[in-house]
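J.: this is a predicted model, with the sequence first.
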2 protein chains.
Amino acid sequence: MKLKVITHNPGKVREYQEALGGYGIEMEHVNREYDEVQTAYLEEVVDKGLKSMYAEGLRDFMIDDSGLFVDALKGFPGVYSAYGQKTIGNEGILKLMEGVDDRAAVFKCCIGCRIGDETVIVTGKCPGVILDSARGDGGFGYDPIFSPDGEHSFAEIPVEEKNVISHRGVATRMLVEELRNRGFI
Amino acid sequence: MKLKVITHNPGKVREYQEALGGYGIEMEHVNREYDEVQTAYLEEVVDKGLKSMYAEGLRDFMIDDSGLFVDALKGFPGVYSAYGQKTIGNEGILKLMEGVDDRAAVFKCCIGCRIGDETVIVTGKCPGVILDSARGDGGFGYDPIFSPDGEHSFAEIPVEEKNVISHRGVATRMLVEELRNRGFI
């Protein structure tokens, strides 16, 4: 089975190919945009994205959306994490969290597929905390200020290890499980 | 001419009726939602909203979208002002602006109309500054922390006076001007 991955990021396509290739799924990169709606839920962004591209005539494709949800900030930056990163950045999140005791946060990744007439949507989560300061040179985005274990930031954890516990890693395994349950693989 | 105002807020419909009623335009309240896209520009939210509702079959209608754009925060919260207000709130903006010398900000209101086959989009602006603390009991949203004159917050200025200088007031007058230029009124 061929599955189109709708993204500007070729790295994502390679990651999905590695995860799903063993199940006979071949990823095809489709480098384009789609309108993401404003909502507090990644699942709604993904669901509406799938519907609008299906309406355009696209078949057998997948999209994903991720975000960092900070408990003490009522889920902010959440669905708008990319915009938050571009504007206030990690420095802004650290400033908002100054003097805040509850450091809990969760990284979420929602993957949606439309295969034939069926829709599969899964959300992987990686719980953790917001650190007091940025740490590490790896990763990207909020990785330096997020720690899954309270000690090391995502930017300090080796990428192979991060891929196992990360929200995207969890979501990808959930996707494989769901595709298997439905008999697609 | 009848013009549908797409909003959940009956107060907006009354405001537009007051501003446009004198030109023979009768406002009709349509209490519904539409998908707002994720983008850094109010104009794109409005333009795509107009197109999607026109595609649904809606005719002769208007929508608007507003936001507070803070210079030192690279335009944040901008298009996502409603979400920013619900999550980090005025307290969050004040915290992000602690120790920041450049206090410049601008409130923007973008109004879009689709009348017949024509599209009119105008953006009204009200420049000002972010205050050091919240002031006043009037207004809503970011009004207590925004000042157009550097002294009084939008929440301290009488509503009649605010309506003259506010981003929505400016946008509404620009809309009247544009409708007149195009011969609609």
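T.: Cool, got the structure.
J.: any idea what the residue nearest to A:D71 when sequence neighbours are not counted is bridged to?
T.: Residue nearest to A:D71 in three dimensions, not counting chain neighbours: A:A104, with 4.3 Å by CB to CB, 6 or more residues apart in numbering or on different chains. Heads up, the C-betas are built off the backbone N, CA and C, glycines and all. Beta-bridge pairing of A:A104 under DSSP bridges involves A:V129.
J.: anything in stretch A:105-118 near chain B?
T.: No - applying CB under 8 Å from any CB of the partner chain, one finds stretch A:105-118 separated from chain B by no less than 13.0 Å.
J.: and that stretch, average pLDDT?
T.: Per-residue pLDDT values across stretch A:105-118 average out to 96.
J.: hang on, the residue nearest to A:D71 packs against A:P127?
T.: Yes - here A:A104 lies in contact with A:P127, judged by CB atoms under 8 Å, at a distance of 7.3 Å.
J.: distance check, the residue nearest to A:D71 against B:G89.
T.: Distance, A:A104 to B:G89, by CB to CB, to the nearest Å: 19 Å.
J.: ok, now A:G21?
T.: Counting by CB to CB, the gap from A:G21 to B:G89 is 46 Å.
J.: burial of the residue nearest to A:D71, as a residue count?
T.: A:A104: 12 surrounding residues under other CB atoms under 10 Å in any protein chain shown.
J.: residues in contact with it?
T.: A:70-72, A:127-129 (CB atoms under 8 Å, 6 or more residues apart in numbering or on different chains).
J.: show me which of those residues are buried.
T.: A:70-72, A:128-129 (16 or more other CB atoms under 10 Å in any protein chain shown).
J.: quick check, nearest of those residues to chain B?
T.: A:V70 (8.8 Å; CB to the nearest CB).
J.: ok, and what's touching the strand or helix carrying A:K125?
T.: Under the criterion of DSSP states H and E, A:K125 resides in strand A:118-130. Strand A:118-130 is contacted from outside by A:42-43, A:46-47, A:50, A:70, A:93-94, A:97, A:103-113, A:145-150, A:165-175, A:178-179, A:182, using CB under 8 Å, 6+ apart.
J.: same for the helix or strand following that strand, what does it pack against?
T.: Next in sequence after strand A:118-130, counting helices and strands by DSSP H and E, comes strand A:146-147. With contacts defined as 3 or more CB pairs under 8 Å, 6 or more residues apart in numbering or on different chains; DSSP states H and E, strand A:146-147 has these neighbours: strand A:118-130.
J.: then the strand it packs on to CSV, C-alphas only?
T.: Extracted in CSV, the C-alpha atoms of strand A:118-130 (Å, rounded to 0.1, in the frame of the first residue of the first chain):
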residue,chain,number,x,y,z
GLU,A,118,-11.9,5.0,6.4
THR,A,119,-10.4,7.6,8.8
VAL,A,120,-7.9,6.7,11.5
ILE,A,121,-6.9,9.3,14.0
VAL,A,122,-4.5,8.6,16.9
THR,A,123,-2.9,10.8,19.5
GLY,A,124,0.4,10.0,21.2
LYS,A,125,1.4,11.7,24.4
CYS,A,126,4.7,12.3,26.2
PRO,A,127,4.2,13.7,29.7
GLY,A,128,6.9,15.7,31.4
VAL,A,129,7.8,19.0,32.9
ILE,A,130,8.9,22.5,31.9
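J.: next, the buried residues of it.
T.: A:120-126, A:128-130.
J.: which of those lies closest to chain B?
T.: Nearest to chain B out of the buried residues of strand A:118-130 is A:I130 (CB to the nearest CB; 13.4 Å).
J.: need the three-state assignment for A:E151.
T.: coil (DSSP: H, G, I helix; E, B strand; the rest coil).
J.: distance of it from A:R135?
T.: On the measure of CB to CB, A:E151 and A:R135 end up 10 Å apart.
J.: the two: who's more crowded?
T.: Relative neighbour count places A:R135 above the other of A:E151 and A:R135, with 17 against 11, counting by other CB under 10 Å.
J.: and the pLDDT for that one?
T.: The predicted local confidence for A:R135 is 97.
J.: surely it touches A:Y142?
T.: No - the criterion here is CB under 8 Å, and A:R135 misses it with A:Y142 at 12.0 Å.
J.: chain B contacts on chain A?
T.: Checking chain A against chain B by CB under 8 Å from any CB, the hits are A:35-38, A:40, A:45, A:48, A:73-76, A:78-80, A:83-84, A:86-88, A:92, A:95-96, A:98.
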